[in-house]
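Q: below are the sequence and a predicted model; questions follow.
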Amino acid sequence: MGAELGRRKLVGVAFRGMGELEVSDSEGHMTASLALRADHASRLGPSAGLASYWDKARDSGFSSLLHRVVACFGCPHPCRSFLKINEDPKQMALSAKEPGYLHFDIPSLDAAASAGMGSGAVTTAFMECAKAGADPSSVIGAGVTDIAGVRTMLATGDAPAKARASAKGSFRSYSTFDDCIALGLCPRYWAKVGLDLDAVSECIEPALGRGLR
Ligand code: SF4
């Protein structure tokens with residue numbers, strides 16, 4: 001895709017949705033969606049950002065740096081955690097230019113935890129990787145165990161690109177990953193709540209006016 005964008009001299013494509021969606025059976029779609037939402041509310045449990053998905057985010061080292069949890073638009077279960085390391089995590093004020101990092105990458109966090117890095121060090125490391133455009137998994141996986149090693153690796157460009165099993169490593173259940181991607185559903189959310197294709201179809205079918213199956 002990158003090569004094709006380059007061939008067309010495009011640096012990016014932006015979309016702005018200005019049209020209205022035509023829903024075949026708006027009442028039926030709304031009723032099914034509200035029923036699904038109510039069911040999910042009882043199954044999701046409390047929203048705790050990354051701690052809802054990754055047990056190590058419950059550690060005191062991680063939670064003491066937690067500033068807020070963040071969700072995608074409209075998602076009732078925020079799955080990411082913003083840690084502040086360069087200003088008081090409890091303060092809303094923005095005084096530091098780069099106050100912290102929005103953690104979402106569970107495989108890289110696991111690699112860093114296995115290497116013995118604490119939450120503050122790993123947040124600094126991921127910030128520096130993000131600025132360098134480097135995959136934290138590859139950098140940590142190259143054998144570094146502290147922030148000095150990360151900086152050396154980034155400065156020398158010696159981190160070998162490590163093969164990841166696509167984005168699947170960020171999700172608790174791989175079994176439903178492909179179904180979710182095909183239907184445009186968030187795999188992380190549905191792995192948490194339990195993918196139920198019948199329930200999904202009950203919502204989508206009235207919207208489209210035809211059966212999915
Ligand atoms: S669970 Fe999915 S939709 Fe919800 S905040 Fe996380 S990534 Fe976004």
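A: Nice, I can see it.

Q: CA atoms for contacts and neighbours, from now on please.
A: Noted.

Q: which residues are contacting stretch 37-54?
A: With contact meaning C-alpha atoms under 8 Å, 6 or more residues apart in numbering, stretch 37-54 is reached by 57-58, 69-71, 77-81, 103-104, 106, 172, 192-193.

Q: what's the farthest-apart pair in the residues you listed?
A: Farthest apart among the contacts of stretch 37-54 by C-alpha to C-alpha are 103 and 193. That separation is 20.8 Å.

Q: so between those two, which is more surrounded?
A: In terms of neighbours (other C-alpha atoms under 10 Å), residue 103 is the more surrounded of residue 103 and residue 193; the figures are 22 against 17.

Q: per-residue pLDDT, that one?
A: Per-residue confidence at residue 103 stands at 96 (pLDDT).

Q: secondary structure element for the closest residue to it other than its chain neighbours?
A: Taking C-alpha to C-alpha, 6 or more residues apart in numbering, and ignoring the residues beside it in sequence, residue 103 has residue 81 as its nearest neighbour in space, at 5.3 Å. Taking DSSP states H and E as the definition, one finds residue 81 inside strand 80-84.

Q: for that strand, output the C-alpha coordinates as PDB.
A: As requested, the backbone C-alpha atoms of strand 80-84 are provided in PDB (Å, rounded to 0.1, in the frame of the first residue of the first chain):
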ATOM      1  CA  ARG A  80      -6.300   1.800  26.800                       C
ATOM      2  CA  SER A  81      -4.500   3.500  29.600                       C
ATOM      3  CA  PHE A  82      -2.600   6.800  29.500                       C
ATOM      4  CA  LEU A  83       0.300   6.900  31.900                       C
ATOM      5  CA  LYS A  84       1.900  10.200  32.800                       C
END
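
Q: give the pairing partners of it; include direction for each.
A: Using DSSP bridges, the strands paired with strand 80-84 in its sheet are strand 66-70 (antiparallel), strand 100-103 (antiparallel).
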